[in-house]
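K.L.:
One predicted model, sequence on top.
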Amino acid sequence: METRYSRQILYKNIGSEGQEQLAQSHVLIVGMGALGTHVAEGLTRSGVGELTIVDRDYIEYSNLQRQTLFTELDAQSALPKVVAAQKALEAIRSDIHIHSYIAHVDKVFLDKHGKDVDLIIDATDNFETRQRLNDFAYQQSIPWIYGAVVQSTYTEAAFIPGQTPCFNCVMPTLPSISMTCDTVGVIQPAVTMTTSLQIRDALKLLTNKEVAPRLTFGDIWEGSHHTIGFGRMHRDTCETCGSHPTYPYLNQADRQYAVLCGRDTVQYYNQHISQEMIVQFLGTKGMKYKQNDYMLMFEFKGHRIISFTGGRMLIHGMRDPNQAATLIGQLFG
């Protein structure tokens, strides 16, 4: 270990003690897209001992421009992102311990897989999941790091239960961004800037160094860079970090139909539908399908549908949950 991490150990703020702390740490990364793959690679190379990675999506060619760890073959095979990511990370470092899950992150998932981690990193693309992570992190007293990127802009902040106001306290001051990478694009340098800040704060938190309550945002193309302190933004009435927390986003029931941010895709969930049932159903209808070890792929009325184990489906080519409900009704009756 001394040889592999010698340059990092030489850095005065980490040293041998900090390197050992990294080796003993466990980080949950939610999302394995642009932010998640960069962060996972950075933490793997830095010597973090254990990672839990989760993502509900699979690899497409449009991902390759900004999402590291993936190859053209992965996209051609439509591999789930966490499957390809785990393989790539283990090729970088054979001694890392990785848990990977093809899943939607809800309360059940967090209760089962998130309680024993030292840090949570947000690499998602939607506020609903971030608010759920925020509730869970403050309920369990686990620090988490927020990150967002779109076009050439970046935003990052670390939230530490018991030390800083939470995400919901700070949210009114966040840069107003209603756009997504899938609607207005994103460039690689903005991704790298976001994840550099996230990895920096991760290394600080995992080696017990102080992290200031500070929101960082900017535009890498224009060359602007700003920081805002939020240490005094705590609200005693906050439902997440106030004096009487109720954690409303954590306890909020998942919708059966959910729109994936900017993807022209609706997620449908029905735990009573198995892959075997779908294969049998498609066979009786004479419908063609493709299948790998992780999912089924077929088309119905011009919409590409991806079915994962556990009753979760992605319906491409639509944004309206009502339209998705109609399509599912027409498909299964």
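P.N.:
Looks like it came in fine.
K.L.:
What ranges does the stretch 1-150 of the chain have for its strands?
P.N.:
26-30, 50-55, 97-102, 119-122, 144-150 (DSSP state E, counting those that start in this stretch).
K.L.:
Indicate which one of these is closest to Thr246.
P.N.:
strand 144-150 (18.7 Å; Cβ to Cβ). No exception for glycine: its C-beta is placed from N, CA and C like everyone else's.
K.L.:
Mind listing the strands the helix or strand following that closest one pairs with, and their directions?
P.N.:
Using DSSP states H and E, the helix or strand that follows strand 144-150 towards the C-terminus is strand 153-159. Using DSSP bridges, the strands paired with strand 153-159 are strand 144-150 (antiparallel), strand 214-219 (antiparallel).
K.L.:
Kindly reformat those strands as TSV containing mean pLDDT.
P.N.:
Shown next, in TSV, are the strands paired with strand 153-159 (pLDDT from 0 to 100):
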stretch	mean pLDDT
strand 144-150	95
strand 214-219	95
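K.L.:
what's the most buried one of these?
P.N.:
Comparing the strands paired with strand 153-159 by mean neighbour count (mean count of other Cβ atoms under 10 Å), strand 144-150 ranks first with a mean of 26.
K.L.:
neighbours around Ser46, how many?
P.N.:
19 (other Cβ atoms under 10 Å).
K.L.:
what's near enough to touch it?
P.N.:
Neighbouring residues of Ser46 by Cβ atoms under 8 Å, 6 or more residues apart in numbering: Tyr5, Gln8, Leu22, Ile199, Leu203.
K.L.:
what does Val279 give?
P.N.:
Tyr289, Gln291, Leu296.
K.L.:
So it versus Lys285, what's the distance?
P.N.:
11 Å (Cβ to Cβ, to the nearest Å).
K.L.:
And Pro165, by the same measure?
P.N.:
54 Å.
K.L.:
for Leu51, same thing?
P.N.:
The value you get for Leu51 to Lys285, if Cβ to Cβ is used, is 41 Å.
K.L.:
Just want to know which of these two has more residues nearby.
P.N.:
With neighbours defined as other Cβ under 10 Å, Leu51 and Lys285 compare such that Leu51 has more, 24 against 11.
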